[in-house]
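Novice: Sequence plus the predicted model coming up.
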Amino acid sequence: MNWEARIDRLESHAAIQQLAIRYALAIDGRDLDAWTALFIPDVHCGRAGKGRAVLRSIIEPAARSFYRSIHQICGHRIEFDDADHASGVVYCRAEHEDGGKWVIMAIAYFDSYERQGGEWYFARRREKHWYAADWQERPTAPFTGWPAHDTPPLLPQAFETWAPFWAGEAPDALARLTRQRAGDEEK
């Protein structure tokens, strides 16, 4: 890489990292205009369609389903496909005030980034989580104590390396590990 390309890569890395904190600040401040502006204009929203207006129609009811939130960015890995496309994983610890509960979540966002018109945007953002639990309770998976948000955790099984790591383990050993995690058996 020549020095111009290296400087561009460093500037791009910094700009992409800013997307994650700008996302957290926008959702925590309920600035949905700023939040949707972080995505490419023709962002694909699944069956709902494409575009920032469609994205907003999806996120606004979700953002209204709890009162306060705090998204804390814990780490960010970025890998470049080329000068204008990258992917990454952002670790986040989020807290949500909902109906007298403070629900904590351990989240990983699996992102695709795209540079358009000299600016970096999210092209796609997939949220997966390990758990969600009221701060007074021990986290368990799947979480069933936060009505309207009872989705099964997708991590750590979503990591491509997870299943191969455990492939050689006997089913009884995996069951023992699960019981230990739940506190049902001594280590």
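Specialist: Noted; the coordinates are in hand.
Novice: Now do the strands in the chain.
Specialist: 68-82, 85-98, 101-116, 119-134 (DSSP state E).
Novice: same for the shortest one, what does it pack against?
Specialist: Right, strand 85-98. helix 3-28, strand 68-82, strand 101-116 (3 or more Cβ pairs under 8 Å, 6 or more residues apart in numbering; DSSP states H and E). All C-beta atoms are positioned from the backbone trio N, CA, C, and that covers glycine.
Novice: Quick one: closest of these to Cys45.
Specialist: Of all those, strand 101-116 sits nearest to Cys45, with 13.9 Å by Cβ to Cβ.
Novice: Kindly reformat the strands of the chain as JSON lines and extend each row with mean pLDDT and mean neighbour count.
Specialist: Putting those into JSON lines (pLDDT from 0 to 100; neighbours: other Cβ atoms under 10 Å) gives the following:
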{"stretch": "strand 68-82", "mean pLDDT": "95", "mean neighbour count": "14"}
{"stretch": "strand 85-98", "mean pLDDT": "95", "mean neighbour count": "17"}
{"stretch": "strand 101-116", "mean pLDDT": "94", "mean neighbour count": "19"}
{"stretch": "strand 119-134", "mean pLDDT": "92", "mean neighbour count": "18"}
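Novice: thinking again about what came up before, minimum distance to Ala123: which of the helices and strands packed on strand 85-98 has it?
Specialist: Closest of those to Ala123 is strand 101-116, at 4.1 Å (criterion: Cβ to Cβ).
Novice: From the chain's centroid, how far away is the closest one?
Specialist: Strand 101-116 sits 2 Å away from the centroid of its parent chain (Cα atoms, centre = their mean, to the nearest Å).
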